[in-house]
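[1] Got a predicted structure here, sequence first:
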Amino acid sequence: NAGVTQTPKFRVLKTGQSMTLLCAQDMNHEYMYWYRQDPGMGLRLIHYSVGEGTTAKGEVPDGYNVSRLKKQNFLLGLESAAPSQTSVYFCASRLDSNNEQFFGPGTRLTVL
Amino acid sequence: DAKTTQPTSMDCAEGRAANLPCNHSTISGNEYVYWYRQIHSQGPQYIIHGLKNNETNEMASLIITEDRKSSTLILPHATLRDTAVYYCIVRAPLMMDSSYKLIFGSGTRLLVRP
């Protein structure tokens, strides 16, 4: 049982490039979330999913897209990266009847 | 979700109890109080949560005042590994918010001194 894993761990992009961050969980959780964390700040919710095939916007969704084609995976896409998207990205998942969110180790993204 | 207020930073000596306060004066009757912590460069880790009664688990105790406007997280015997940022979060129950999403503030940076 690996819990929540994120790929890649680190990435450097140039402005305008695109990329996809992968989050995977092997706990059969219904709910999955993407957060970003800027230096010295708390986490802010980007998008979330309450089940396979569903997605919804969080606090800061602009510039990002997500997909949940399989229950165990939640993808975060940046179509045209901007320096303002330099951040650490955390994925989390939760059982539908459990109040605890499990977080992944994070992806550190730098956009030059 | 109700706004929370926490001190920016605190410190305590190793082996002593760490008491981390949180104010949530606008909390409504069906909102839960959650605590998470984030050790440097890692993802947040769940600690404990409660509604009205005090709660205890293997990590910590949560004391919620009778009027529910504030709470205290207690780490009974702090160790160096407890140095982290601690987040107090107030969250609506399922009936109000089916996403279960958490809204993080800036938290309290706890430093445990040797």
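    Thanks, I have it. Numbers count the residues shown, from 1 in each chain, chains lettered A, B, ... in the order given.
[2] How about the residues of chain A by chain B?
    A:4, A:31, A:33, A:35, A:40-45, A:48, A:50, A:56, A:58-59, A:90, A:92, A:94, A:99-106 (C-beta under 8 Å from any C-beta of the partner chain). For glycine as for every other residue, the C-beta is placed from the backbone atoms N, C-alpha and C.
[3] Spatially central, which residue of chain B would that be?
    B:Trp35 (3.1 Å; C-alpha atoms, centre = their mean).
[4] check contacts around it.
    B:20, B:22, B:46-49, B:60, B:62, B:73, B:86-89 (C-beta atoms under 8 Å, 6 or more residues apart in numbering or on different chains).
[5] again, only this time at 6 Å
    B:Trp35 is in contact with B:Ile47, B:Ile48, B:Leu73, B:Cys88, counting by C-beta atoms under 6 Å, 6 or more residues apart in numbering or on different chains.
[6] In helices, which of the residues you listed appear?
    Using DSSP state H, no member of the contacts of B:Trp35 falls in helices.
[7] Derive a ChimeraX selection command for the buried subset of the residues you listed.
    Listed next is the ChimeraX selection for buried residues among these, using 16 or more other C-beta atoms under 10 Å in any protein chain shown:
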select /B:47,48,73,88
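[8] Show the overlap between the contacts of B:Trp35 and what lies near chain A.
    By C-beta under 6 Å from any C-beta of the partner chain, no member of the contacts of B:Trp35 lies near chain A.
[9] Give me the pLDDT value at the residue nearest to the centre of chain B.
    pLDDT recorded at B:Trp35 is 95.
[10] same question, A:Asn1
    So A:Asn1 comes in at 68 (pLDDT).
[11] Would you map the strands across the chain?
    Assuming you mean chain A. A:4-7, A:10-13, A:19-25, A:31-37, A:43-49, A:56-57, A:65-67, A:73-78, A:87-94, A:102-103, A:107-111 (DSSP state E).
[12] hm, I was asking about chain B
    B:9-13, B:18-23, B:32-38, B:45-50, B:55-56, B:61-64, B:70-75, B:84-91, B:108-113.
[13] Now those in CSV, please, with extra columns for distance to A:Leu76.
    Below are these laid out as CSV (distance: least, C-beta to C-beta, whole Å):
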stretch, distance to A:Leu76
strand B:9-13, 31
strand B:18-23, 30
strand B:32-38, 20
strand B:45-50, 21
strand B:55-56, 33
strand B:61-64, 32
strand B:70-75, 31
strand B:84-91, 22
strand B:108-113, 28
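[14] ok so, going back, dump the strands of chain A into a markdown table; add mean pLDDT and mean neighbour count as well.
    As requested, these are exported to a markdown table (pLDDT from 0 to 100; neighbours: other C-beta atoms under 10 Å in any protein chain shown):
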| stretch | mean pLDDT | mean neighbour count |
| --- | --- | --- |
| strand A:4-7 | 96 | 18 |
| strand A:10-13 | 96 | 14 |
| strand A:19-25 | 97 | 19 |
| strand A:31-37 | 94 | 25 |
| strand A:43-49 | 92 | 22 |
| strand A:56-57 | 93 | 14 |
| strand A:65-67 | 97 | 17 |
| strand A:73-78 | 98 | 20 |
| strand A:87-94 | 95 | 24 |
| strand A:102-103 | 92 | 20 |
| strand A:107-111 | 97 | 18 |
